[in-house]
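S.K.: Sharing a model that was predicted from the sequence below.
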Amino acid sequence: MIKKGTISQENQELSAKIMLGFKLAFEKLVKESALHGDSLVFGKNGKTVLIPAVELLKDIENKKKR
């Protein structure tokens with residue numbers, strides 16, 4: 001029996017797979033954008049922010065080293 005407010009093991013595994021897929025897709029988007037010298041658009045505190053993909057790629061690589 002599953003208690004209210006708990007997530008089944010199956011759903012936890014599915015959630016982990018979805019998050020991994022999102023992470024891989026985002027990394028691919030950033031790498032491709034960096035190759036073309038593009039920026040990505042984000043919303044921050046209700047404002048539009050352009051961030052060069054090269055900066056995002058550096059952040060991604062630094063986090064992988066940790």
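M.R.: The structure has been received and is ready for your questions.
S.K.: Can you list the residue ranges for strands in the protein?
M.R.: For the chain, the strands defined by DSSP state E occupy 39-44, 47-52.
S.K.: Sheet partners, orientation included, of the last one?
M.R.: Here strand 47-52 has these sheet partners by DSSP bridges: strand 39-44 (antiparallel).
S.K.: then the partner strand to PDB, C-alphas only?
M.R.: Provided in PDB are the C-alpha atoms of strand 39-44 (Å, rounded to 0.1, in the frame of the first residue of the first chain):
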ATOM      1  CA  SER A  39      23.400  32.900 -26.600                       C
ATOM      2  CA  LEU A  40      20.500  31.200 -24.800                       C
ATOM      3  CA  VAL A  41      17.500  33.100 -23.400                       C
ATOM      4  CA  PHE A  42      16.400  32.600 -19.800                       C
ATOM      5  CA  GLY A  43      13.900  34.300 -17.500                       C
ATOM      6  CA  LYS A  44      15.200  35.600 -14.200                       C
END
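S.K.: And the contacts of it?
M.R.: 29-30, 33, 48-53, 56 (CB atoms under 8 Å, 6 or more residues apart in numbering). Where you see a C-beta, it was placed from the backbone N, CA and C, and this is true even at glycine.
S.K.: again with stretch 17-37
M.R.: 39-40, 52-54, 56-57, 60.
S.K.: Which parts of it count as buried, going by neighbours?
M.R.: Residues of stretch 17-37 classed as buried: 30, 33-34 (neighbour count, 16 or more other CB atoms under 10 Å).
S.K.: for the contacts of strand 39-44, which one is nearest residue 5?
M.R.: Set against residue 5, the nearest of those by CB to CB is residue 29 (34.1 Å).
S.K.: Just give me the neighbour total for residue 53.
M.R.: 20 (other CB atoms under 10 Å).
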